[in-house]
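Asker: here is a sequence together with a model predicted from it:
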Amino acid sequence: MKHTYKITGMTCNNCKASVEKNLGELEYVTNVSVNLEKGEAEVTMKQHIETETLKKALPEKYTLSEKQERNVFSSSTMATETVEEKSKLQQLKPLLLIIFYIAVASILLHYKNWSWSAFMLDFMGLFYIVFSFFKMLDLKGFPESFRMYDPLAKRVPVYGKIYPFIETALGLMFLLRFEVNIALIITLVVLGITTFGVTKTLLDKKSIKCACLGTALDLPMTEATFIENAIMIIMATLMLIF
């Protein structure tokens, strides 16, 4: 018999191998096939194994749950979707808080002598510095997670490795007001590429992890990732035009 389970917490091929190994070692399990992009594991077993047993077989960083079949006439399905939506918002809480604090800090720096251009430069500078910090926490794991949706990182692996340093450099350029126009152009190119990949991932409805805050936090790829990139792209465009 075969059962499909949702697995969260996987960011790279090492994670895929770890899940397959741990589940494959369970008694009665004959085969485990993990789809990293969908975040799913298909488990073939000789006899039924409780979901709780499968959960305990995995390291704490992974969560396993039974894949729910959708039925538009089922009220239980609607309840499940509501719970999943709350869970998604809970997962996005760190990202939303960080953006909120960056915005507040940028406002406080200029509230006595308000300037939209200065506010946007400091917002973009702090954005890059904070987000690159989280990526720096796992320079080995970040590229694997990033290449799941960034088109350039997929084709040129070294790009994913240097991306955190690119963000740090851009953050310093904005905060120090050093070659701002060059930094704005690089921002449009870099985030334009990433946003294209994010948009494609969302349209394909793939269930993968967002690497915007590295691998330190388990953030799902959602419309919030698209919005954060869009804000930066709009700001960069306005700064170049005006």
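Answerer: Received, thanks.
Asker: report the separation between the closest residue in space to Leu213 that isn't next to it in sequence and Cys210.
Answerer: Closest residue to Leu213 apart from its sequence neighbours, by CB to CB, 6 or more residues apart in numbering: Phe134 at 4.3 Å. Placement of C-beta: from N, CA and C, glycine included. According to CB to CB, to the nearest Å, Phe134 stands 11 Å off from Cys210.
Asker: and those two? which has more neighbours close in?
Answerer: Neighbour count, other CB atoms under 10 Å: between Phe134 and Cys210, Cys210 has more, with 25 against 19.
Asker: C-terminal to the helix or strand of the chain with the lowest mean pLDDT, what's the next element?
Answerer: Taking mean pLDDT, DSSP states H and E as the measure, helix 75-108 is the helix or strand of the chain with the lowest mean score, a mean of 74. Following helix 75-108 in sequence order, the next helix or strand is helix 116-136 (DSSP states H and E).
Asker: ok, the residue nearest to Leu213 - contacts?
Answerer: 213-214, 216-217 (CB atoms under 8 Å, 6 or more residues apart in numbering).
Asker: kindly report the same for Phe100.
Answerer: Taking CB under 8 Å, 6+ apart, one finds nothing in contact with Phe100.
Asker: how near is it to Pro220?
Answerer: To Pro220, Phe100 is 19 Å away according to CB to CB.
Asker: still on that earlier bit, among the contacts of Phe134, name the ones in helices.
Answerer: Assigned to helices by DSSP state H, none of these qualify.
Asker: which one of those sits in the busiest neighbourhood?
Answerer: Neighbour-wise, these (other CB under 10 Å) top out at Gly214, 23 neighbours.
Asker: pretty sure it is in contact with Glu144, am I right?
Answerer: No - counting by CB atoms under 8 Å, Gly214 does not reach Glu144; the two are 11.2 Å apart.
Asker: tell me the domain ranges of this structure?
Answerer: For the chain, automatic domain parsing gives the domain ranges 2-66, 89-241.
Asker: lowest-confidence stretch among these?
Answerer: Among the domains of the chain, domain 2-66 carries the lowest mean pLDDT, a mean of 89.
Asker: centre of the chain to that domain, how far?
Answerer: Taking CA atoms, centre = their mean, to the nearest Å, one finds the center of domain 2-66 at 21 Å from the center of the full chain.
Asker: which residue is nearest the middle of this protein?
Answerer: Closest residue to the average C-alpha location of the chain: Cys210 at 0.8 Å, with CA atoms, centre = their mean.
Asker: list the beta-bridge partners for that residue.
Answerer: Leu219 (DSSP bridges).
Asker: check contacts around it.
Answerer: 95, 219-222, 225.
Asker: could you check how far the residue nearest to Ile182 when sequence neighbours are not counted is from Glu223?
Answerer: For Ile182, ignoring the flanking residues on the chain, the nearest one in space by CB to CB, 6+ apart is Met173 at 7.4 Å. For Met173, the distance to Glu223 equals 29 Å [CB to CB].
Asker: neighbour-wise, which of these two wins?
Answerer: Met173 (21 against 12).
Asker: could you check how far the helix or strand hosting that one is from the centre of its chain?
Answerer: Using DSSP H and E, Met173 sits within helix 157-175. Average the C-alpha atoms of helix 157-175, do the same for its chain, and the two points are 17 Å apart (CA atoms, centre = their mean).
Asker: how about that helix: buried residues?
Answerer: For helix 157-175, the neighbour count (16 or more other CB atoms under 10 Å) marks 159-160, 163-164, 167-171, 173-174 as buried.
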